[in-house]
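> A structural model of the following input is requested.
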Amino acid sequence: MLLSPVLLVSQVVCAADAPFKDVPAGTALAEAVEFLKANNIISGYSDGTFRPNNGVNRAEALKIIIAPLVKQESLAQIKQTTFSDVKSDAWYLPYVEAARQNGVVDGPPKKDAFRGTDPVLKVEFLKMLMLAFKEDPNSYSEIVLPVSSDVKDTSVWFYPYMRYALSSSMTMISTDGLLTPQKKLTRGETSLLLYRFLMYRSGRRTQALLSEAETEIIIVLGSMQDQNIEQAEYASARALLAARGAHAKQPDQPIVQGALKISESFRSIVRAYRAGSSKLFDDAIALCKESWQQAERARELSSGLENLATQVQTLAGKMAESARQAKAATAS
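Next up is the predicted model:
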């Protein structure tokens with residue numbers, strides 16, 4: 001059985017009223033659940049509520065992902081599974097077995113149990129979602145950078161999925177600068193992740209990604225002013241991933257091309273700052289030059305990036321001069 005990762009954008013809706021009485025109208029969640037409801041991916045309860053704060057277990061999460069991709073008649077033919085903890089009368093057996101057959105979840109001999117009643121974690125949901133829709137978790141594999149204080153080990157199994165989630169604007173940092181990969185998800189959170197993923201696949205998250213890249217650049221500037229190089233490095237990596245994600249979908253738009261260049265420029269200036277702090281003055285000077293040139297290219301591509309280009313070029317000039325002075329002082 002093969003899953004069919006179709007683009008589910010047949011019914012894009014802009015409802016004035018909230019789709020459920022406990023989901024406030026005009027919110028990002030209302031937009032997400034209305035779309036998913038219109039496309040028969042989710043449903044609410046008989047009392048007209050959605051209960052967005054309710055937790056989601058692994059079985060429920062997998063159904064949300066698998067149901068749109070496989071025909072009901074195919075599911076009806078699945079009567080058994082190799083998972084030892086999925087009973088023959090479990091409502092989710094067909095979804096779990098369809099997912100196992102298509103490599104969405106690991107089964108025996110690697111894993112004997114599915115743990116359907118366990119809460120689904122953010123990283124688990126991201127992995128199942130990407131594999132079900134045949135997205136390559138190694139997209140942007142040339143970017144192997146820590147992206148937050150709770151996602152700084154680039155060797156962990158879930159890093160590629162978190163990297164893709166950032167490049168598709170599925171997730172972004174919280175107010176405390178975290179990405180919470182091990183978070184237990186709610187119905188509202190799974191809906192937002194799925195909706196953003198589907199919108200990205202259909203090329204409808206470009207503006208969100210550009211806005212996210214700009215937000216991260218502002219964090220870079222603030223972190224450098226506070227001399228917090230680690231947070232500046234995280235934010236510059238996230239900005240670069242957001243810009244790369246936008247470029248992957250809209251590579252010919254000058255504003256997108258410019259946003260990628262300005263993100264590269266800020267990444268270079270952060271690297272220059274790190275090099276200077278490590279007394280690698282020649283590297284710092286070279287990276288400042290690279291940053292200045294990238295910013296100039298961004299300005300040429302889009303006049304809307306004039307302010308950011310000027311800021312990073314000013315910073316690059318000052319940093320390069322400081323590196324030259326420090327190098328001279330060391331030599332004397």
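> Might one say that residue 66 is in contact with residue 132?
Yes. Residue 66 is within contact range of residue 132, at 6.3 Å (criterion: C-beta atoms under 8 Å). C-beta coordinates here come from the backbone N, C-alpha and C atoms, glycine included.
> Tell me where the model's unsure across the stretch 1-150 of the chain.
1-18 (pLDDT under 70).
> Would you map the helices across it?
In the stretch 1-150 of the chain, the helices defined using DSSP state H, counting those that start in this stretch lie at 28-38, 58-66, 72-76, 93-101, 122-132.
> Packing partners of the third one?
In this structure, helix 72-76 packs against helix 93-101, with contacts taken as 3 or more C-beta pairs under 8 Å, 6 or more residues apart in numbering; DSSP states H and E.
> Hey, what's the angle from the helix it packs on to helix 122-132? Just curious.
Put simply, helix 93-101 runs at 70 degrees to helix 122-132, going by axes from the mean of the first three to the mean of the last three C-alpha atoms, to 10 degrees.
> tell me which residues of helix 93-101 are tucked away?
Residues of helix 93-101 classed as buried: 93, 94, 95, 96, 97, 98, 99, 100, 101 (neighbour count, 16 or more other C-beta atoms under 10 Å).
> Could you pull up the mean pLDDT of whichever helix in the chain runs longest?
Scanning the chain for the helix with the most residues, using DSSP state H, yields helix 306-331. Averaging pLDDT along helix 306-331 yields 96.
> what comes up buried for that helix?
By neighbour count with 16+ other C-beta under 10 Å, helix 306-331 contains the buried residues 308, 309, 311, 312, 313, 315, 316, 319, 320, 323, 327.
> what's the closest of the buried residues of helix 93-101 to residue 226?
Ranked by distance to residue 226 (C-beta to C-beta), the buried residues of helix 93-101 are led by residue 99 at 45.2 Å.
> Find the nearest non-adjacent residue to that closest one, please.
Spatial nearest neighbour of residue 99, excluding adjacent residues (C-beta to C-beta, 6 or more residues apart in numbering): residue 105 at 4.8 Å.
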